[in-house]
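Asker: build me a structure from this.
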Amino acid sequence: MSVFTHVTVGTQDLAQARQFYDKVLGTIGLKRVADLGENGSIWGEDKPSFFVLKPANGQPASVGNVVTISFQAPNRAAVKAFHEAALALGAKDEGAVGERGWAPNAFAAYARDLDGNKLAVYSFTAE
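Answerer: This next block holds a predicted model:
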């Protein structure tokens, strides 16, 4: 059973966010499953799981301190591809690709998207 139905981040530039997440999430097998007009888009595998929205209250989108959205990658190569794609599209590096010692086989990378949202991608498969 999943713990969450979905996660949402905000954006100031929906067109830019769509281009970014189409490419970056594609590296781990997710695709855009719905567009909500000029309000946002949704990505997932076989059901909606990650939303990028313009704020409904009209205020600027902002990021939370310590908030990290972490995606599961099918393997270590996908972790590398996710990180490389994110950086190539202008994301800020927040943690290089590599082993993380807090769990067996934890292999990850971190980046901040174009709106400053902190993203991680993890694989727990052996090398």
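Asker: quick one: residues contacting the nearest residue to residue 90 once chain neighbours are set aside.
Answerer: Distances taken as CB to CB, 6 or more residues apart in numbering place residue 114 nearest to residue 90, at 5.7 Å, with adjacent residues excluded. Quick note: C-beta positions are derived from backbone N, CA and C, even for glycine. Going by CB atoms under 8 Å, 6 or more residues apart in numbering, residue 114 touches 11, 13, 16-17, 20, 89-91.
Asker: from residue 7, how far out is residue 114?
Answerer: As judged by CB to CB, to the nearest Å, residue 114 and residue 7 stand 17 Å apart.
Asker: what's the answer for residue 88, then?
Answerer: Residue 88 sits 23 Å away from residue 7, going by CB to CB.
Asker: and if you look at residue 105?
Answerer: Residue 105 is 23 Å from residue 7, by CB to CB.
Asker: kindly report the same for residue 81.
Answerer: Here the criterion is CB to CB. By it, residue 81 lies 21 Å from residue 7.
Asker: one more: residue 47?
Answerer: From residue 47 to residue 7 the distance is 13 Å (CB to CB).
Asker: just want to know which of residue 88 and residue 7 has more residues nearby.
Answerer: residue 7 (13 against 10; other CB atoms under 10 Å).
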